[in-house]
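**Q** Have a look at this prediction, sequence included:
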Amino acid sequence: MNFKMSMICFVLLLIGTLCSAYSLQERQADSLRVAEIIRTSQDENTKINRIQELLAIYNRMAPSLRPDERARIDKFIREHTQEILIDGVPTQGGSRLKIIKKTLTPVAKDVATGFFTELGASIASIFTNWLKSSTEPSH
């Protein structure tokens, strides 16, 4: 009986892991969304407002990244964000951009748009590599 229960748990764990994977369709949809975000974000305010959307896409794709890719982008994001703690616990939204304030100075806007550009380029590059490798014929 113990062996059967162990096998059932193992199978459920395996199925759960496979179902939570970042599928090719999700990658393609997020890739198109990143391209659209970058293409349609012409002014500083639009770029600043869309940073959270880029971060959400990155959070979906992060578990599928190689450890070195994830570490590089996580470090870049950490440099531009900070945890807001209330009684030692992160707020419901988690990280907030250091640069987001009621009124942004021109320097802060430059930093924010630079962050948007770099994060968008990093994410787009990863999608390009993923999609290119998934369409190349196997040898």
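**A** Great, that's in hand.
**Q** what's around residue 79, how many residues?
**A** 10 (other C-beta atoms under 10 Å). C-betas here are computed from N, CA, C, even on glycine.
**Q** what about it, is that helix, strand or coil?
**A** helix (DSSP: H, G, I helix; E, B strand; the rest coil).
**Q** Isn't residue 62 up against residue 77?
**A** No - using C-beta atoms under 8 Å, residue 62 makes no contact with residue 77, being 9.8 Å away.
**Q** who has more neighbours, the two?
**A** Ranked by neighbour count (other C-beta under 10 Å), residue 62 and residue 77 place residue 77 first, with 21 against 14.
**Q** Surely the more buried one touches residue 58?
**A** Yes - contact criterion C-beta under 8 Å: residue 77 and residue 58 qualify, at 7.4 Å.
**Q** any common contacting residues for those two?
**A** residue 119 (C-beta atoms under 8 Å, 6 or more residues apart in numbering).
**Q** by contact count, what packs against the helix or strand hosting residue 131?
**A** Element membership for residue 131 (DSSP states H and E) is helix 106-135. Packing partners of helix 106-135 (3 or more C-beta pairs under 8 Å, 6 or more residues apart in numbering; DSSP states H and E): helix 24-40, helix 44-49, helix 51-61, helix 67-80.
**Q** That helix: which residues count as buried?
**A** For helix 106-135, a neighbour-count test (16 or more other C-beta atoms under 10 Å) marks 108, 111-113, 115-116, 119-120, 122-124, 126-127, 130 as buried.
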